[in-house]
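Trainee: Have a look; sequence and predicted model below, questions after that.
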Amino acid sequence: MTALTPIFAALSDNTRLRLVEYLMSYGEQPAGTLTNLSGLSAPAVSRHLKVLREAGLLTQRVQGTHRYYSVRPEALKAVSDWTIDHRAFWNESLDRLDTMLALDPGDDT
């Protein structure tokens, strides 16, 4: 879980989550496109991108004076795996609750 903590912390911010979702949908993008999309200043977007990079969610590629960002699939797979594991836990718990609720309340056994 400790490897996921910085990922979840980074994604807890709406702006960062929107940036990741955009990159997931449209693939690698230059920082300028992400700045225009967000409506934030370039320094603010840069800070958000840095948090996402440091959490391991994004990679950065430099080409000349441009910086390009893309999502690291392995980071999203870790989140997906964690979610699937916890979904199984909740499904089993809810199944046990359904079983208990289905018992006859007048049955003392």
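Mentor: Perfect, I can see it now. Residues are numbered from 1 along each chain as shown.
Trainee: pLDDT below threshold where in the chain?
Mentor: The model of the chain has pLDDT under 70 over residues 1-2, 104-109.
Trainee: Which parts of it are strands?
Mentor: For the chain, the strands defined by DSSP state E occupy 29-30, 58-63, 66-71.
Trainee: Could you dump those strands into CSV and include mean neighbour count and distance to residue 47?
Mentor: No exception for glycine: its C-beta is placed from N, CA and C like everyone else's. Formatted as CSV, the strands of the chain follow (neighbours: other Cβ atoms under 10 Å; distance: least, Cβ to Cβ, whole Å):
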stretch, mean neighbour count, distance to residue 47
strand 29-30, 15, 17
strand 58-63, 13, 13
strand 66-71, 17, 13
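Trainee: Out of these, which gets nearest to residue 87?
Mentor: Closest to residue 87 of the strands of the chain is strand 66-71 (Cβ to Cβ; 21.9 Å).
Trainee: what angle do that closest one and strand 58-63 make?
Mentor: Strand 66-71 runs at 150 degrees relative to strand 58-63, counting by axes from the mean of the first three to the mean of the last three Cα atoms, to 10 degrees.
Trainee: before we move on, the earlier item: any chance of CSV for the strands of the chain, columns distance to residue 40?
Mentor: Formatted as CSV, the strands of the chain follow (distance: least, Cβ to Cβ, whole Å):
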stretch, distance to residue 40
strand 29-30, 15
strand 58-63, 16
strand 66-71, 15
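Trainee: quick one: the helices in this structure?
Mentor: Using DSSP state H, the helices of the chain run over 5-11, 14-26, 31-38, 42-54, 73-102.
Trainee: Adding distance to residue 66, write the ones you listed out as TSV.
Mentor: As requested, the helices of the chain are exported to TSV (distance: least, Cβ to Cβ, whole Å):
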stretch	distance to residue 66
helix 5-11	23
helix 14-26	15
helix 31-38	7
helix 42-54	13
helix 73-102	22
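Trainee: quick one: which of the strands of the chain is nearest residue 85?
Mentor: For the strands of the chain, the distance to residue 85 is smallest for strand 66-71, at 21.1 Å, taking Cβ to Cβ.
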